[in-house]
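Trainee: got a predicted structure here, sequence first:
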Amino acid sequence: MSPSLFVLIPALACALFALMLIFDMRPRPRFHSRTGNRLRGLLAFCFALAAIGLIGLALSLHHYLTLEREVTVARLGFQVQGPQHFTATLETADGRRRQFTLRGDEWQLDARVISWKLPALLAGAPPVYRLERISGRYRDIRAEREAERSVHALDEDALLDLWAIKRQFPRWLPFVDAHYGSAAYLPMLDGAQFDVSLGGRGGLVARPADEATRLQLEQSGWLGGP
């Protein structure tokens with residue numbers, strides 16, 4: 001189930017309860033009328049407020065995907081265009097396929113990960129993630145400081161983003177735990193393909209997607225031989 005739907009269901013329930021209470025505020029006999037209507041009005045206001053808050057939370061999770069155990073979140077393929085100049089093809093779990101120009105010796109992928117604390121944890125809320133950026137890296141520190149950099153955003157920042165809200169106002173949402181997943185990086189090699197997975201605790205792991213890539217990594221000194 002989409003993380004947004006996970007929040008929208010209780011939001012709709014709260015909105016429904018608010019409407020039921022509002023329509024039930026009809027005239028009643030004697031003193032029960034005023035007291036009962038005030039109580040119903042207060043409860044309706046509380047349910048409406050909860051519905052608005054939950055809808056805002058659902059909107060802030062719109063760009064995130066559910067994370068259940070370790071899942072493959074992306075596949076990367078590379079074609080060399082020149083010295084330290086590559087075209088990267090990125091396929092993500094949501095079915096999108098995009099190409100980026102990267103410069104350097106290595107690629108790096110970063111993700112935003114949101115997990116939950118009590119009481120959301122008891123409700124069974126699954127961790128969610130969003131791939132944030134892909135970039136090129138240079139092995140040489142001087143080149144990393146001075147050479148041409150290449151960084152590409154993988155999703156436009158939403159008007160409401162739960163991760164950003166939690167970072168800016170850490171005390172507002174005590175049941176939310178927002179953190180970066182571990183960045184994954186490996187060398188850019190002509191024709192190489194890599195699978196990137198994200199573990200249940202938010203750690204990114206990159207692996208060669210085929211035998212040819214594994215052999216290239218061995219020959220480049222990144223992997224030990226058998």
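Mentor: Ah, there it is.

Trainee: output the below-cut-off pLDDT ranges for the protein.
Mentor: Applying pLDDT under 70 to the chain picks out residues 1-15, 17-38, 40-41, 47, 49, 51-69, 116-126, 156-181, 200-202, 223-226.

Trainee: can you show me the strands along it?
Mentor: For the chain, the strands defined by DSSP state E occupy 65-66, 71-82, 85-92, 97-103, 106-116, 128-137, 151-153, 176-180, 184-187, 193-198, 204-208.

Trainee: would you put the C-alpha positions of the longest one in PDB?
Mentor: Written as PDB, here are the backbone C-alpha positions of strand 71-82 (Å, rounded to 0.1, in the frame of the first residue of the first chain):
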ATOM      1  CA  VAL A  71      14.600  -4.100  -1.900                       C
ATOM      2  CA  THR A  72      16.300  -3.200  -5.100                       C
ATOM      3  CA  VAL A  73      15.600   0.500  -5.600                       C
ATOM      4  CA  ALA A  74      17.600   1.200  -8.800                       C
ATOM      5  CA  ARG A  75      19.800  -0.200 -11.600                       C
ATOM      6  CA  LEU A  76      22.600   1.900 -13.100                       C
ATOM      7  CA  GLY A  77      24.300   1.400 -16.400                       C
ATOM      8  CA  PHE A  78      27.300   3.400 -17.800                       C
ATOM      9  CA  GLN A  79      28.700   4.300 -21.200                       C
ATOM     10  CA  VAL A  80      32.000   6.200 -21.500                       C
ATOM     11  CA  GLN A  81      32.000   9.400 -23.500                       C
ATOM     12  CA  GLY A  82      35.500  10.600 -22.800                       C
END
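
Trainee: hmm, back to that, could I get the strands of the chain as a markdown table with distance to residue 16 and mean neighbour count?
Mentor: Every C-beta, even on glycine, is put in place using the N, C-alpha and C of the backbone. Conversion of these to a markdown table gives the following (distance: least, CB to CB, whole Å; neighbours: other CB atoms under 10 Å):
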| stretch | distance to residue 16 | mean neighbour count |
| --- | --- | --- |
| strand 65-66 | 25 | 18 |
| strand 71-82 | 34 | 17 |
| strand 85-92 | 35 | 18 |
| strand 97-103 | 40 | 15 |
| strand 106-116 | 25 | 22 |
| strand 128-137 | 25 | 21 |
| strand 151-153 | 38 | 13 |
| strand 176-180 | 25 | 16 |
| strand 184-187 | 44 | 20 |
| strand 193-198 | 35 | 21 |
| strand 204-208 | 40 | 18 |
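
Trainee: of these, which is nearest residue 46?
Mentor: Closest to residue 46 of those is strand 176-180 (CB to CB; 21.6 Å).

Trainee: for the nearest residue to residue 220 once chain neighbours are set aside, give me its contacts.
Mentor: Spatial nearest neighbour of residue 220, excluding adjacent residues (CB to CB, 6 or more residues apart in numbering): residue 187 at 5.9 Å. The contact partners of residue 187, by CB atoms under 8 Å, 6 or more residues apart in numbering, come to 105, 106, 107, 217, 220, 222.
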